[in-house]
Each structure stands twice: as C-alpha cells, then as structure tokens.
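Q: here is my input, please return the structure:
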Amino acid sequence: MSQTRVDSPPAGVPVITNVRKNRVGTTSFDLFGPGMRKADDFVVYPIQVGTTRILIQSSTRMGILDPANNAICLTKPRSSGSNSLHLQMDQPLRRYEIEPQEMEKLVSTIRSTGAPAGTITACGILSVDNSQAADV
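A: This next block holds a predicted model:
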C-alpha cells in the first residue's frame with residue numbers, strides 16, 4: 001500500500017494506496033476503482049463503541065467499508081459532496097470488491113488508530129472517540 005501513482009485500475013480491480021493515519025487520529029486512504037475518473041482520498045470516520053458500520057467519505061462520495069465481505073460500497077459522486085442522506089438514498093450503492101490482502105492492510109491500519117474504550121484522542125481543538133477501531 002505504497003504511494004504509487006495509478007493511472008487506471010488494472011482489469012476492473014479497485015486499487016487502495018496511500019493508507020495513513022491522518023491529523024484527526026483516524027485513517028485516510030486513496031481508492032481508485034472502475035468507473036472512477038481519478039483516485040479519491042477517503043477519510044475513515046471515528047469508530048465508537050456500539051458502531052456497526054465503518055463510514056468513509058471523500059470530497060465527492062460517502063460510503064461504507066465492509067471488511068467481512070472485502071467490499072467498499074459508495075454513493076454516486078457529487079461535485080458538492082455526498083453526505084449520510086445520500087448514503088441512504090443512493091440505492092443500490094456502487095460496490096467495489098477489494099482484494100483480501102488489500103483489505104487486511106487497510107483494516108490493520110484502522111485497528112492501529114484505536115484506543116482503549118472511553119479514551120478520547122485530542123488533536124488541537126478537536127476530540128475524537130475512535131475507541132472501537134481496535135476491534136474492527
């Protein structure tokens with residue numbers, strides 16, 4: 001999961017690159033899939049105790065990360081950005097099947113950003129509860 005530039009996804013397979021911990025204390029990654037004009041930079045929402053879905057968002061799309069099925073489901077791209085309402089309305093969502101080893105690398109990075117339950121990560125003026133990330 002290096003920072004290799006990808007001009008187009010090979011044979012319809014989505015490519016995840018540039019997986020990293022971001023300033024908020026969660027994970028960010030680039031996803032370039034079939035039908036996408038360019039790679040999008042996604043942020044993983046903080047995962048709190050009791051959360052059943054892993055939400056992700058880029059500047060134009062919102063989605064759900066599904067590690068159990070090695071899939072990412074995304075809304076249609078919107079120039080003004082997508083939000084949780086679009087996530088509910090854009091049915092069916094665009095589904096991207098991710099290679100198991102790529103998903104495991106991504107999930108491993110997400111787990112590494114987790115903290116013990118009840119721990120709030122402070123980053124400047126922003127506090128984030130990402131306690132459930134370790135249990136993804």
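Q: poorly predicted segments of the protein, please.
A: Along the chain, the parts satisfying pLDDT under 70 run over 1-11, 115-128.
Q: quick one, helices of it?
A: Using DSSP state H, the helices of the chain run over 84-89, 100-112.
Q: buried set for stretch 66-84?
A: Judged by neighbour count (16 or more other CB atoms under 10 Å), stretch 66-84 contains these buried residues: 67, 70-75, 77, 82. Yep, even glycine has a C-beta here, placed from its N, CA and C like the rest.
Q: could you dump these to CSV with distance to Ser108?
A: Listed next are those as CSV, based on distance: CB to CB, whole Å:
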residue, distance to Ser108
Pro67, 10
Asn70, 14
Ala71, 17
Ile72, 16
Cys73, 21
Leu74, 22
Thr75, 26
Pro77, 28
Ser82, 27
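Q: from those, which is closest to Val49?
A: Pro67 (17.5 Å; CB to CB).
Q: who touches stretch 68-87?
A: 14, 31, 33, 36, 40, 55-57, 59-66, 90, 93-100, 103 (CB atoms under 8 Å, 6 or more residues apart in numbering).
Q: among the residues you listed, which ones are buried?
A: When these are checked for burial by 16+ other CB under 10 Å, the buried set is 14, 31, 33, 36, 40, 55-57, 60-65, 90, 93-94, 96, 98, 103.
Q: so what's Pro14 closest to, chain neighbours aside?
A: Spatial nearest neighbour of Pro14, excluding adjacent residues (CB to CB, 6 or more residues apart in numbering): Gly33 at 3.6 Å.
Q: wouldn't the one you found be in contact with Phe42 here?
A: No. Counting by CB atoms under 8 Å, Gly33 sits too far from Phe42 to count as a contact (11.2 Å).
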